[in-house]
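> next input, structure requested:
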Amino acid sequence: MAAPGPGEYFSVGSHVSCLTCLGQRVQGEVVAFDYQSKMLTLKCASSSGKPNLNDVILINLAYVSDVDIINDRTETPPPLASLNVSKLANRARTEKEDKLSQAYAISAGVSVEGQQLFQTIHKTIKDCKWQEKNIIVMDDVVISPPYQVENCKGKEGSALSHVRKIVEKHFRDVESQKSMQRSQAQQTQKDSTLSS
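Numbering: from 1, shown residues only. The predicted model follows:
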């Protein structure tokens, strides 16, 4: 069977097999079909081999030479799972706030190192924000440029101590990455010198 003609469609839940113009055979369960754009969405076995996962493949039927319906579903498909709209809205709001915070830091002229430190702290402590070029953590700790451990100021206590440890570890990790990159570059240079 070629791509669907006028009035033809694929039922959600049907199992189909498609042969692409590149000779690749794709088989799966129909998740969605858009007649206007001739796009077919299939749920297939996971390419990772994990049984609890699936691949979702979008197929443009304009590039399919053959479609076989293996098992046509005639009954009404099961209802879609309900979405937690408030959870999605909260996630969207949080992502928007994070992006605006990053944009603010860039527009304020914060160094790349400062932005990276902010990202590192934010992974552990969500309650952090920018105040001009300073990073404010839990409204208790202020980290000012150049964002080193000694630039962490606040009331002595567990919050200040915790933030200092995060800053210390961040710069250790950055230095470790830099030294690894330098050694890889030196090894590459040695290898190219030896092969010449």
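
> beta partners for residue 25?
residue 19 (DSSP bridges).

> assess the claim that it and residue 19 are in contact.
Yes. Using C-beta atoms under 8 Å, residue 25 is in contact with residue 19, at 5.6 Å. Yep, even glycine has a C-beta here, placed from its N, CA and C like the rest.

> against residue 83, how distant is residue 77?
Separation of residue 77 from residue 83 (C-beta to C-beta, to the nearest Å): 17 Å.

> which of the two has more neighbours?
residue 77 (12 against 8; other C-beta atoms under 10 Å).

> what sits against that one?
Contacts for residue 77 (C-beta atoms under 8 Å, 6 or more residues apart in numbering) come out as 11-13.

> again with residue 115
Counted by C-beta under 8 Å, 6+ apart, residue 115 has contacts 102, 105-106.

> dump the residues you listed to a markdown table, plus neighbour count and secondary structure.
Below are those laid out as a markdown table (neighbours: other C-beta atoms under 10 Å; DSSP: H, G, I helix; E, B strand; the rest coil):
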| residue | neighbour count | secondary structure |
| --- | --- | --- |
| 102 | 16 | helix |
| 105 | 19 | helix |
| 106 | 11 | helix |
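
> before we move on, the earlier item: so which of the contacts of residue 77 sit within strands?
Among these, no residue falls in strands (DSSP state E).

> just the residues you listed now: which is nearest residue 94?
Taking C-beta to C-beta as the measure, residue 94 sits nearest to residue 12 out of those, at 32.6 Å.

> in space, what's closest to the closest one - neighbours in sequence excluded?
residue 77 (4.3 Å; C-beta to C-beta, 6 or more residues apart in numbering).

> buried ones in stretch 114-122?
Residues 114-115, 117-118, 120-122 are the ones in stretch 114-122 that count as buried (16 or more other C-beta atoms under 10 Å).

> quick one: which of the residues you listed sit in helices?
Those of those mapping onto helices are 114-115, 117-118, 120-122, per DSSP state H.

> which stretches of the chain have low pLDDT?
Applying pLDDT under 70 to the chain flags the ranges 1-8, 196.
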